[in-house]
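Asker: Quick check, what structure comes out for this input:
(one chain, ligands or ions: 1)
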Amino acid sequence: MERTFVMLKPGVLQRRIAGEVLSRFERKGLKIVALKLIRPDKALVESHYAEHRGRDFYEKLLDYTLSGPVIALILEGEEAVFSARRLTGPTDFFESPPGTIRGDFAARTRLNIVHASDSLASAEREIALFFKPEEICPWEDDNGRWY
Ligand code: CMP
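Answerer: Numbering: from 1, shown residues only. Predicted structure coming up:
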């Protein structure tokens, strides 16, 4: 079973769409095993986006990510990395089709609403940046007892 990291960016709370965005991942069957609302500091955001340092959009990306609280979560499931990326849609909002989170909610690439890890290695790195091990809460499916 894979785990992936997802961050709902500050625009999600500003636009009051946190529930809608979270439900996209839940409806797919991905399991929330960690979730927190945090205002990340600059060091954390710089580490998270280290691979983009030097790109023309980097400073604005930092500004946006630091502009308000984010919702950080860990999702678990089969092919969780690929699955979360498919739900999220391509980074470039012009290419994000309707039905994806970015396709439905993002109007600019820089303000693209949600981040999802692009590989298992990135997921492990990003999970470790945002979460302490004791903040992760695994749980068992109960064969539909509550449905
Ligand atoms: P994210 O998936 O969080 O990872 C890196 C982020 O950089 C990306 O989403 C966008 O918010 C931003 N980004 C990537 N490419 C561009 C671009 N060409 N112009 C503006 N922002 C970008």
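
Asker: and this protein, which residues reach the ligand?
Answerer: Taking Cβ under 6 Å from any ligand atom as the criterion, the chain approaches the ligand at residues H52, F57, L61, T91, T109, R110, N112, H115. C-beta here means a position set from N, CA and C on the backbone, and glycine is covered the same way.

Asker: Please tabulate those residues in a markdown table, including the columns secondary structure and neighbour count.
Answerer: What follows is the residues of the chain next to the ligand, written out as a markdown table (DSSP: H, G, I helix; E, B strand; the rest coil; neighbours: other Cβ atoms under 10 Å):
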| residue | secondary structure | neighbour count |
| --- | --- | --- |
| H52 | helix | 13 |
| F57 | coil | 12 |
| L61 | helix | 20 |
| T91 | coil | 15 |
| T109 | coil | 15 |
| R110 | coil | 13 |
| N112 | coil | 23 |
| H115 | strand | 20 |
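
Asker: ranges for the strands of this structure?
Answerer: 2-8, 31-38, 70-77, 114-116 (DSSP state E).

Asker: by contact count, what packs against the shortest one?
Answerer: Translated: strand 114-116. For strand 114-116, the contact count by 3 or more Cβ pairs under 8 Å, 6 or more residues apart in numbering; DSSP states H and E identifies strand 2-8, helix 80-88 as packing neighbours.

Asker: And the contacts of that strand?
Answerer: The contact list for strand 114-116, computed with Cβ atoms under 8 Å, 6 or more residues apart in numbering, reads 4-9, 12, 21, 81, 84-85, 87-88, 101-102.

Asker: Give me the buried subset of these.
Answerer: Among those, those buried by neighbour count (16 or more other Cβ atoms under 10 Å) are 4-9, 12, 21, 81, 84-85, 87-88, 101-102.

Asker: just for the chain, where's the confidence low?
Answerer: Applying pLDDT under 70 to the chain flags the ranges 144-147.

Asker: Report the backbone C-alpha coordinates of stretch 109-123 in PDB.
Answerer: Listed next in PDB are the C-alpha coordinates belonging to stretch 109-123 (Å, rounded to 0.1, in the frame of the first residue of the first chain):
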ATOM      1  CA  THR A 109      -1.000  27.700 -13.000                       C
ATOM      2  CA  ARG A 110       0.700  29.500 -10.200                       C
ATOM      3  CA  LEU A 111      -2.500  29.400  -8.100                       C
ATOM      4  CA  ASN A 112      -3.200  25.800  -8.900                       C
ATOM      5  CA  ILE A 113      -5.000  24.900  -5.700                       C
ATOM      6  CA  VAL A 114      -3.300  21.700  -4.800                       C
ATOM      7  CA  HIS A 115       0.000  19.900  -4.700                       C
ATOM      8  CA  ALA A 116       0.400  16.200  -4.900                       C
ATOM      9  CA  SER A 117       3.700  14.300  -4.800                       C
ATOM     10  CA  ASP A 118       5.000  13.300  -8.200                       C
ATOM     11  CA  SER A 119       6.800  10.100  -7.200                       C
ATOM     12  CA  LEU A 120       7.100   7.700  -4.300                       C
ATOM     13  CA  ALA A 121      10.500   9.200  -3.500                       C
ATOM     14  CA  SER A 122       9.000  12.700  -3.400                       C
ATOM     15  CA  ALA A 123       6.100  11.500  -1.300                       C
END
